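>>> need the 3D shape of this:
(2 chains)
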Amino acid sequence: MVSARAISHAYGELEAIDRLDLELPAHGVLALVGPSGCGKSTLLELLAGLQQPSAGEIEVDGAGAPAERLARCALMPQRDLLLPWLSALDNAALALRNRGARRGAAREEAGRLFEQFGLAGFERARPAELSGGMRQRVAFLRTLVAGKPLLALDEPFASLDAITRAEMQGWLARALSADPRTVVLVSHDIEEALYLADRVVVLSGRPARVVEELGAPAPRAPDRDAAVTDPAFVAARERAMAALHRGSQ
Amino acid sequence: MTRWRLIPAMRGKLAKWLLPALTLAVLIAIWQLAASTGALADLLGLEPFLVPSPAEIASALWENRSLLAEDAWVTMREIFFGFLIGLAAGLGFGFLLRPFEWVRLSVYPLIVGSQAVPILVFAPILVVWFGYGIWPKLAIVALICFFPIAVATADGLRSVDPEAQKMMRTLDASRAQMLWRLEAPTALPFTFSGAKIAATIAPIAAVFGEWAGADAGLGVLIREDSARLATDRLFAASFLLAALAVALYSLLALAERRIVTWR
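Numbers count the residues shown, from 1 in each chain, chains lettered A, B, ... in the order given. Got it, this is the predicted structure:
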């Protein structure tokens, strides 16, 4: 579904990514973790077709050209970036409106998911009236409603407090179990990556290379608190942490 | 305790209406006292009739009400329509040139330079070009209003978050949708700021336009009264001019509150 072969990327003299390979099957969740500024977000933008790598090949759902990759990928940025002049519902329906759907039809389609996302009753609320967790859920809904084969999530919960973040991880795990999607998740939180993804790729400091790739012991287990304290999970976290340290040196 | 707790609740309204009104009332009272006793004229070393009191200005306003209303109507139309033309041109400059960065870069210095041309020198030329009617006044008001609106709109459009643009691209936004759904609402508060600045200087532009050649308007009246040393009516006409600026400004502030609801 997603494959990147020997991709390198540089901004002028600055090398961001160095001969990196990635493979992700359909409905798989792949997490990218690495030190700050290692090029994780750049990698996501390359996959999404927002940029073209300096070298190497990327394919998303059989498409190689950047414009075609862009058509197959929806990006959820680090900040929710909800448009403050639109209601929660209109923010969620943005992709449908952009594709020419009438306002009523777009609202109806996006609105169907509000209850499932714990947002019922907040359809008409402006982003400023929503809590941090709710805003992230609307942002995720907006990404989901776009109906693209690949979801690129760039540290989606980084701006939230620890408790809300844990809640949102549990919530996203349930949402992905109910409606499996192909997801590339960038995170600086190893626990989040190991809990949400099937596989975790640990990247080195700039230029980003793959240090280690490990499988998650219990991806998106229903009981998050139990899953993250399980000995297998703790061992995987320690292994990922060691790889992260190796990559940062 | 209760008395103290009431204060924060009252502070909003107090600060917004009562304090400016009180300041104005005190200033007018001091002015009235200083002018009617002749103290102000003595202080400035002027004849008392050159320094009218607020009561004298108010009476000039009332006695000349039909003449003042006629002239204010002429000037108001110049301000209003000139402002609208300036607004349209400023918005046009900001928005239409947005996709063509090189055009914007090439015309920007010209536009900045045009603001340095003294309008007092330029106004008579516009009268020669456009005639004696309303058009040269509209051109001058529009020229003066255009600049703050255009610059504010262009700055507003440049302040769009690049991350939001990327997000919109992955949500299949076309260039026009990007402009309409993301960039225009981002720029709107900036445009309002520019328009409010334009509203306060539009009356000055209208007066300059009238001075270059006109037979009616508050500017014409002010010039006549200045030559005849009819200071009470001169002040009355100036008061109306200021009222027009305040009215236009308030109208824009009201529209901003209604439209830019997310701030």
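>>> work out for me the element residue A:75 sits within.
Residue A:75 belongs to strand A:73-76 when assigned by DSSP states H and E.
>>> helices and strands around the helix or strand of chain A with the lowest mean pLDDT, which ones?
Within chain A, no helix or strand scores below helix A:162-178, which has a mean of 87 by mean pLDDT, DSSP states H and E. Counting contacts by 3 or more C-beta pairs under 8 Å, 6 or more residues apart in numbering or on different chains; DSSP states H and E, helix A:162-178 packs against helix A:132-145, helix A:190-196, helix A:224-229. Every C-beta, even on glycine, is put in place using the N, C-alpha and C of the backbone.
>>> which strands and helices sit next to the next helix-or-strand element following the first one?
Translated: helix A:132-145. Later in the chain than helix A:132-145, the nearest helix or strand by DSSP H and E is strand A:150-154. In terms of contacts (3+ C-beta pairs under 8 Å, 6+ apart), strand A:150-154 is packed against helix A:40-47, strand A:73-76, helix A:132-145, strand A:182-187.
>>> relative to chain B, which of the helices and strands packed on helix A:162-178 is closest?
Closest of the helices and strands packed on helix A:162-178 to chain B is helix A:132-145, at 7.2 Å (criterion: C-beta to the nearest C-beta).
>>> tell me which residues touch the residue most central in space within chain A, please.
Nearest to the geometric centre of chain A sits residue A:153, at 1.7 Å (C-alpha atoms, centre = their mean). Listed by C-beta atoms under 8 Å, 6 or more residues apart in numbering or on different chains, the contact partners of residue A:153 are A:76, A:140, A:143, A:183-186.
>>> show me just the buried residues among these.
Neighbour-count burial within those applies to A:76, A:140, A:143, A:183-186; the criterion is 16 or more other C-beta atoms under 10 Å in any protein chain shown.
>>> partners of the strand holding residue A:75, with directions?
Strand A:73-76 has the following strand partners under DSSP bridges: strand A:150-154 (parallel).
>>> so how far is the partner strand from its chain's centroid?
Distance of strand A:150-154 from its chain centroid, counting by C-alpha atoms, centre = their mean, to the nearest Å, is 4 Å.
>>> same check on stretch B:179-199?
16 Å.
>>> what residues of that stretch count as buried?
Those buried within stretch B:179-199 under the rule 16+ other C-beta under 10 Å are B:179, B:181-199.
>>> restrict those residues to those near chain A?
Residues of the buried residues of stretch B:179-199 in contact with chain A (C-beta under 8 Å from any C-beta of the partner chain): B:181-182, B:185.
>>> let's have those in TSV, adding secondary structure.
What follows is these, written out as TSV (DSSP: H, G, I helix; E, B strand; the rest coil):
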residue	secondary structure
B:181	helix
B:182	helix
B:185	helix
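>>> closest to chain A out of these?
residue B:185 (4.7 Å).
>>> show me which residues of chain A sit near chain B.
Neighbours of chain B within chain A, by C-beta under 8 Å from any C-beta: A:45, A:48, A:50, A:70-71, A:73-79, A:81, A:83-85, A:94-95, A:97-99, A:126, A:128, A:142, A:146, A:148, A:152.
>>> let me see the domain layout of the chain.
No chain in the question, so chain A it is. Here the domain assignment for chain A is A:1-72+A:150-167+A:182-249, A:82-147, based on automatic domain parsing.
>>> try chain B instead
B:1-51, B:53-259.
>>> lowest average pLDDT across those?
Ranked by mean pLDDT, the domains of chain B end with domain B:1-51 in last place, scoring a mean of 80.
>>> now it, how far from the centre of its chain.
Distance, centroid of domain B:1-51 to centroid of chain: 24 Å (C-alpha atoms, centre = their mean).
>>> hmm, back to that, ChimeraX command to pick out the buried ones of the residues of chain A next to chain B?
Of those, the buried ones can be selected in ChimeraX as follows, counting by 16+ other C-beta under 10 Å:
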select /A:45,48,50,70,71,73,74,75,76,77,79,81,83,85,94,95,97,98,126,142,146,148,152
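>>> thought residue B:117 was touching residue B:143, still the case?
No - using C-beta atoms under 8 Å, residue B:143 makes no contact with residue B:117, being 9.0 Å away.
>>> what is the neighbour count of residue 56?
Going with chain A. When counting by other C-beta atoms under 10 Å in any protein chain shown, one arrives at 16 neighbours for residue A:56.
>>> looking at chain B here, not the other one
Residues near residue B:56, counting by other C-beta under 10 Å, number 19.
>>> so which residue of the stretch 1-150 of chain B comes closest to chain A?
The stretch 1-150 of chain B approaches chain A most closely through residue B:95 (16.9 Å), counting by C-beta to the nearest C-beta.
>>> which bits of the stretch 51-200 of chain B sit near chain A?
Remark: the part of the stretch 51-200 of chain B in contact with chain A comprises B:161, B:163-164, B:166-174, B:177, B:181-182, B:185, using C-beta under 8 Å from any C-beta.
>>> now those: which count as buried?
B:164, B:166-173, B:177, B:181-182, B:185.
>>> same list, those residues, but as CSV with secondary structure please.
Below are these laid out as CSV (three-state DSSP):
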residue, secondary structure
B:164, helix
B:166, helix
B:167, helix
B:168, helix
B:169, helix
B:170, helix
B:171, coil
B:172, coil
B:173, coil
B:177, helix
B:181, helix
B:182, helix
B:185, helix
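>>> same list (the residues you listed) but as TSV, adding distance to residue A:159.
Listed next are those as TSV, based on distance: C-beta to C-beta, whole Å:
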residue	distance to residue A:159
B:164	15
B:166	17
B:167	15
B:168	20
B:169	22
B:170	19
B:171	20
B:172	25
B:173	23
B:177	26
B:181	23
B:182	20
B:185	22
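>>> sounds good, over and out.
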